[in-house]
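# fold the following.
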Amino acid sequence: MERRRRAGIALTLNALSLLFSVTAFCSSYWCQGVRKVPKPFCSGDARENCIRYNNSDSNSSSAVHYSWETGDDKFIERRFHAGIWHSCEENVSGDGEKCRSFITLTPPADRGVLWLSIVAEVLYITLLLTGVSLMSVEVCYYTSVIDGLKLNAFAAIFTVLSGLLGMVAHMMYTTVFQMTVNLGPEDWRPQNWDYGWSYCLAWGSFTCCMAASVTTINRYTKTILEFKQRRRNLERSLQNTQKTQEDEGSRPVWDIYIHTLQGHREGFLDLSVPAQDPSNYGNLNHFPYTQCDEYC
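Numbering: from 1, shown residues only. Take a look at the predicted model:
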């Protein structure tokens with residue numbers, strides 16, 4: 001029951017890791033922040049977050065358009081969020097978002113690293129799925145302890161490899177994003193940014209994956225040690241049984257030795273029979289017992 005409970009814990013942690021990794025991989029909230037956008041000219045009834053004309057005759061071609069606003073007053077802040085696949089930003093009007101492919105925003109020199117990160121993420125999810133499948137088979141369908149131990153070993157290997165790939169993939173994406181912030185398009189560079197919930201979810205997936213791998217390896221090691229301990233106990237039991245049998249078997253040998261001595265004694269008794277009476281050689285039972293003791 002304890003082995004089943006440990007297997008269930010490892011399976012739960014691995015399943016959570018798989019769920020977190022798939023969610024983070026498909027989302028676009030790895031990094032989020034704000035960037036400054038120039039205010040548009042006011043048109044119609046819009047009078048907020050825009051630059052107003054300094055002339056009431058806006059239809060006149062000779063009208064001079066200028067603004068008293070200077071510095072940061074000409075800009076407004078718009079929130080954005082970016083992931084592996086997309087980068088989305090609020091529209092200037094405040095309605096909806098405008099999304100662009102993050103791959104196109106990445107500097108050409110760093111796109112290879114981004115593709116490696118994507119491949120590592122896919123392998124990470126694939127190995128996690130394989131580990132979950134093996135653990136599920138181990139918990140639900142295996143028929144013997146040896147089969148479960150083999151599945152446990154393979155599940156531990158796949159889980160450890162997936163954790164290492166996930167760590168590498170997350171770090172590569174972080175590096176690519178920082179390079180994009182510094183060298184990316186002017187109309188995308190953020191004013192300030194921080195990591196989002198998808199990034200935390202990705203590292204939470206890595207944490208659950210490593211916890212599952214540690215639990216699986218610990219369970220495998222404990223099972224091996226239990227087997228070795230039982231083997232030692234069995235060998236000791238067999239040695240004790242064999243020793244007991246040897247002790248018990250030594251008694252008939254001693255009895256045989258005693259009977260042999262008694263046979264020699266009877267031979268010595270035969271020598272004391274008078275030679276002139278040959279009939280006494282065949283009738284030893286009538287030999288006096290007292291004479292035998294005296295002879296000895």
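# and residue 25, what does it touch?
For residue 25, the contacting residues are 84, 121, 125, 202, taking Cβ atoms under 8 Å, 6 or more residues apart in numbering as the criterion. C-betas here are computed from N, CA, C, even on glycine.
# wait, the second one sits on residue 169?
Yes - Residue 121 is in contact with residue 169 according to Cβ atoms under 8 Å; the separation is 4.5 Å.
# return the set of buried residues in whichever strand or helix holds residue 6.
Taking DSSP states H and E as the definition, one finds residue 6 inside helix 2-26. Of all the residues in helix 2-26, those buried under the rule 16 or more other Cβ atoms under 10 Å are 3, 6-7, 10-11, 13-18, 20-22, 24-25.
# same check, this time on stretch 215-225
Buried-residue list, stretch 215-225, by 16+ other Cβ under 10 Å: 215-217, 219-220, 223.
# and if you look at stretch 176-186?
Burial within stretch 176-186, assessed by neighbour count using 16+ other Cβ under 10 Å, is assigned to 176-177, 179-181, 184.
# so which of those sit within helices?
With helices taken from DSSP state H, the overlap with the buried residues of stretch 176-186 comprises 176-177, 179-181.
# any chance of those residues in a markdown table, with distance to residue 234 and pLDDT too?
Conversion of those to a markdown table gives the following (distance: Cβ to Cβ, whole Å; pLDDT from 0 to 100):
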| residue | distance to residue 234 | pLDDT |
| --- | --- | --- |
| 176 | 58 | 94 |
| 177 | 59 | 93 |
| 179 | 62 | 92 |
| 180 | 63 | 92 |
| 181 | 65 | 90 |
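# quick one on the thing from earlier: so for the helix holding residue 6, mean pLDDT?
The average pLDDT within helix 2-26 is 88.
# run through who's touching stretch 178-185.
With contacts defined as Cβ under 8 Å, 6+ apart, stretch 178-185 is touched by 102, 105-107, 110, 188-190, 193.
# which among those residues count as buried?
Of all the contacts of stretch 178-185 considered here, the ones buried according to neighbour count by 16+ other Cβ under 10 Å are 102, 105-106, 110, 188, 190, 193.
# beta partners of residue 98?
In this structure, residue 98 bridges to residue 89 when assessed by DSSP bridges.
# what number of residues lie near it?
When counting by other Cβ atoms under 10 Å, one arrives at 12 neighbours for residue 98.
# ok, residue 111 next?
Taking other Cβ under 10 Å as the neighbour definition, residue 111 ends up with a count of 15.
# what about the residue lying closest to it once chain neighbours are set aside, distance to residue 86?
The spatial neighbour of residue 111 that comes closest, neighbours along the chain excluded (Cβ to Cβ, 6 or more residues apart in numbering), is residue 103 at 6.6 Å. As judged by Cβ to Cβ, to the nearest Å, residue 103 and residue 86 stand 9 Å apart.
# ok now do residue 144, which residues does it touch?
With Cβ under 8 Å, 6+ apart, residue 144 has no contacts at all.
# from residue 224, how far off is it?
Residue 144 is 15 Å from residue 224, where distance means Cβ to Cβ.
# also residue 169?
From residue 169 to residue 224 the distance is 32 Å (Cβ to Cβ).
# can you check residue 79 too?
With the distance defined as Cβ to Cβ, residue 79 ends up 54 Å from residue 224.
# and residue 197, by the same measure?
Where residue 224 is concerned, residue 197 sits at a distance of 40 Å (Cβ to Cβ).
# cool, residue 4 as well?
With the distance defined as Cβ to Cβ, residue 4 ends up 17 Å from residue 224.
# before we move on, the earlier item: and the average pLDDT for the helix or strand where the residue nearest to residue 111 lies is what?
For residue 103, the enclosing helix or strand under DSSP H and E is helix 102-105. The pLDDT scores in helix 102-105 average 92.
# contacts for that helix next, please.
Applying Cβ under 8 Å, 6+ apart, the external contacts of helix 102-105 come out as 28, 82-87, 111, 114, 180, 184-185, 188.
# what residues are up against residue 14?
Going by Cβ under 8 Å, 6+ apart, residue 14 touches 128, 131-132, 135, 155, 159, 208-209, 212.
# I misspoke; the intended subject was residue 31.
Applying Cβ under 8 Å, 6+ apart, one finds that residue 31 lies in contact with 81-83, 177, 193-196, 199.
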